[in-house]
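Trainee: here is my input; please provide its structure:
(4 chains)
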Protein chains: 2
Amino acid sequence: MTSTRPLRADASRNRQSLLAAAADEFAERGLNASVADIARRAGVGKGTVFRHFPTKDDLLAAIVLDRIDALNAVGERLLDAADPGAALSEFLTVAAEQRQQRDLSFLQEAGELNAEVTRVRAQLFQTVHRLVDRAREHGAVRADITGADVILLMCAPNYVTSYVPDASPDLWQRYLAIIFDGLRPEGAHPLPHPPPMSLDATHTPD
Amino acid sequence: MTSTRPLRADASRNRQSLLAAAADEFAERGLNASVADIARRAGVGKGTVFRHFPTKDDLLAAIVLDRIDALNAVGERLLDAADPGAALSEFLTVAAEQRQQRDLSFLQEAGELNAEVTRVRAQLFQTVHRLVDRAREHGAVRADITGADVILLMCAPNYVTSYVPDASPDLWQRYLAIIFDGLRPEGAHPLPHPPPMSLDATHTPD
DNA sequence: CAATAAGCGGACCGGGCGGTCAACTTGCTA
DNA sequence: TAGCAAGTTGACCGCCCGGTCCGCTTATTG
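Mentor: So this is what the prediction gives:
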């Protein structure tokens, strides 16, 4: 299947420009970024976009896939770190930094994009679960916190700062710190509601 | 000015249906809800929508205005509460409940809508500032937290739970509790970044 | 009840969008 | 270097959306 004959030189160049241009355009204008603008920004014709990505959603999926993969790599590396608490903290920091330079938060709004995306996303969730489990066992986060909690809270710092008009690009650090303090065992109050189940099996019939 | 001759009976009825229908439609489909759909839902013609609200944005502004006013009323009432910490907590609870039943979070994305909205929003921000100041003086929240911090974090619980597919409608309580724990003095770690300036003078030249 | 202005509705317009296609250009290979 | 498949392009299509407009309906009022 998918007997991938290697891409022609100019074609693969165009594909790269396209991905870069699309990532920028989406980051600046959200889901409403138009395919025509992306094409212009990449310096190609609109038809070329659709040759590489049959649908606007497929283009989005390709970008998201890269992003998730990169973050997952970081997470897996941190699984071997000496201090599990610091590891979790660094993971969240890297995640926030990544989102800061190019905000693709709306990606979540885009519902399910692609089987590949769901797969790789489930992988990332697994990694986070492991990071959190280790941190919990080590006493770095409170006992009643789950991986799902961290997955959900992960994006909050960027979300929150996105409403500050001329925010310092590092403002997210402040809110990550506050939220992380909320995850710590010291001074924790009992939680009024159980955590959601694991987020993996979620979305899309198949 | 605006010598408002009283609205005709049917007209004011339509205006109400319109506001309700629009609030629902916006909550379900976000900013992309179409005026035609709103009109259909309200049982009126599209032209009627534009008679009452010259622009789609004006309609949105009217809804947002109601919402903010209601929340502000709650906040002001809580300024006299005996326990400032509990008052702040309750304010955040009411705010989250309000957003839970009809999520108008995107309202923020809508940038500035209206001079009236900015005015009333600034009022709400003032109220929050006062609530936070009282709570801080009372030792219910840590010393390095400002009103702006709380305003920004206020919406996070709803935001966060919106990504859980079949979430319990009360799941936000869990994340509000976690974040609130992060705001408490006990076990607080120093914050790596100063707070943003007050959010009031923000947006729109005038 | 008649006169009138306020309100209503939906066909219509212009614009922007995602996606298609057929004519054209270009990198690869023998 | 010749031939061709792979790749490119922008005009074009159908659709949907916000907003306009004008002929019609109806609440109000004396």
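
Trainee: tally of neighbours for A:Ala36?
Mentor: Number of residues near A:Ala36 (other Cβ atoms under 10 Å in any protein chain shown) recorded here: 11. Backbone N, C-alpha and C define where each C-beta goes, glycine included.

Trainee: ok, and the closest non-adjacent residue to it?
Mentor: Nearest non-adjacent residue to A:Ala36, counting by Cβ to Cβ, 6 or more residues apart in numbering or on different chains: A:Lys46, 5.4 Å away.

Trainee: got it, and A:Leu79?
Mentor: Nearest non-adjacent residue to A:Leu79 (Cβ to Cβ, 6+ apart): A:Arg130, at 5.8 Å.

Trainee: near DNA strand C at all, the host helix or strand of A:Arg40?
Mentor: Assigned by DSSP states H and E, A:Arg40 belongs to helix A:35-42. Yes - counting by Cβ under 7 Å from any atom of the strand, DNA strand C is contacted by helix A:35-42 at A:35-37.

Trainee: could you double-check that the residue nearest to A:Ala36 sits in contact with A:Asp37?
Mentor: No - contact criterion Cβ atoms under 8 Å: A:Lys46 and A:Asp37 do not qualify, at 9.7 Å.

Trainee: so for those two, which residue has more residues nearby?
Mentor: A:Asp37 (16 against 13).

Trainee: chain neighbours aside, what residue packs nearest to that one?
Mentor: Leaving aside its chain neighbours, A:Asp37 sits nearest to A:Glu25 (5.8 Å; criterion: Cβ to Cβ, 6+ apart).

Trainee: now the helix or strand hosting the one you found: mean pLDDT?
Mentor: Assigned by DSSP H and E, A:Glu25 belongs to helix A:9-29. Here helix A:9-29 scores 96 as its mean pLDDT.

Trainee: then stretch A:157-173?
Mentor: 92.

Trainee: can you check stretch A:180-192 too?
Mentor: Average pLDDT, stretch A:180-192: 96.

Trainee: residues contacting the nearest residue to A:Pro169 once chain neighbours are set aside?
Mentor: Excluding its sequence neighbours, the residue lying closest to A:Pro169 (Cβ to Cβ, 6+ apart) is A:Gln100, at 6.2 Å. Contact analysis of A:Gln100 by Cβ atoms under 8 Å, 6 or more residues apart in numbering or on different chains lists A:158, A:169, A:172.

Trainee: A:Gln100 and A:Ala86: what is the separation?
Mentor: 20 Å (Cβ to Cβ, to the nearest Å).

Trainee: repeat for A:Asp80
Mentor: To A:Ala86, A:Asp80 is 12 Å away according to Cβ to Cβ.

Trainee: more neighbours, the two?
Mentor: Shown here are A:Asp80 and A:Ala86; by other Cβ under 10 Å, A:Ala86 has more neighbours (14 against 8).

Trainee: residues in contact with the more buried one?
Mentor: Contacts of A:Ala86 by Cβ under 8 Å, 6+ apart are A:Ala140.

Trainee: pLDDT value on the residue minimising distance to the centre of chain A, please?
Mentor: Against the mean C-alpha coordinate of chain A, by Cα atoms, centre = their mean, the closest residue is A:Ile68 at 5.2 Å. Turning to A:Ile68, the model gives it a pLDDT of 92.

Trainee: A:Val117 is in contact with that one, correct?
Mentor: Yes - if you go by Cβ under 8 Å, A:Ile68 and A:Val117 touch, sitting 7.3 Å apart.

Trainee: secondary structure element holding A:Arg119?
Mentor: helix A:115-137.

Trainee: distance from that helix to the middle of the chain?
Mentor: Taking the mean of its C-alpha atoms, helix A:115-137 sits 12 Å from the chain's own mean (Cα atoms, centre = their mean, to the nearest Å).

Trainee: for stretch A:43-56, same thing?
Mentor: Here stretch A:43-56 is found 24 Å from its chain centre; the criterion is Cα atoms, centre = their mean.

Trainee: residues making contact with that stretch?
Mentor: For stretch A:43-56, contacts defined as Cβ under 8 Å, 6+ apart pick out A:11, A:14-15, A:17-18, A:35-36, A:38-39, A:42, A:59, A:62.

Trainee: 10 Å - rerun?
Mentor: For stretch A:43-56, the surrounding residues in contact (Cβ atoms under 10 Å, 6 or more residues apart in numbering or on different chains) are A:7, A:10-15, A:17-19, A:21-22, A:31, A:33-40, A:42, A:58-63, A:113.

Trainee: what comes up buried for that stretch?
Mentor: For stretch A:43-56, burial by neighbour count (16 or more other Cβ atoms under 10 Å in any protein chain shown) applies to A:44, A:48-49, A:52-53, A:56.

Trainee: gap between the residue nearest to A:Ala36 and A:Ser34?
Mentor: On the measure of Cβ to Cβ, A:Lys46 and A:Ser34 end up 9 Å apart.

Trainee: check A:Glu97 too.
Mentor: Counting by Cβ to Cβ - A:Glu97 and A:Ser34 are separated by 28 Å.

Trainee: what of A:Thr161?
Mentor: A:Thr161 sits 27 Å away from A:Ser34 when distances are taken as Cβ to Cβ.

Trainee: same question for A:Pro54.
Mentor: 17 Å.

Trainee: likewise A:Ile68?
Mentor: 24 Å.

Trainee: now swap in A:Ala22 and tell me
Mentor: For A:Ala22 relative to A:Ser34 (Cβ to Cβ), the value is 11 Å.

Trainee: equivalent analysis for A:Asp57, please.
Mentor: Using Cβ to Cβ, one obtains 14 Å as the distance from A:Asp57 to A:Ser34.

Trainee: show me which of the contacts of A:Gln100 are buried.
Mentor: Applying 16+ other Cβ under 10 Å to those, the neighbour count classes A:158, A:172 as buried.

Trainee: let's have the contacts of A:Gln100 in JSON lines, adding distance to DNA strand C and secondary structure.
Mentor: Formatted as JSON lines, the contacts of A:Gln100 follow (distance: Cβ to the nearest atom of the strand, whole Å; DSSP: H, G, I helix; E, B strand; the rest coil):
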{"residue": "A:Asn158", "distance to DNA strand C": "24", "secondary structure": "helix"}
{"residue": "A:Pro169", "distance to DNA strand C": "27", "secondary structure": "coil"}
{"residue": "A:Trp172", "distance to DNA strand C": "29", "secondary structure": "helix"}
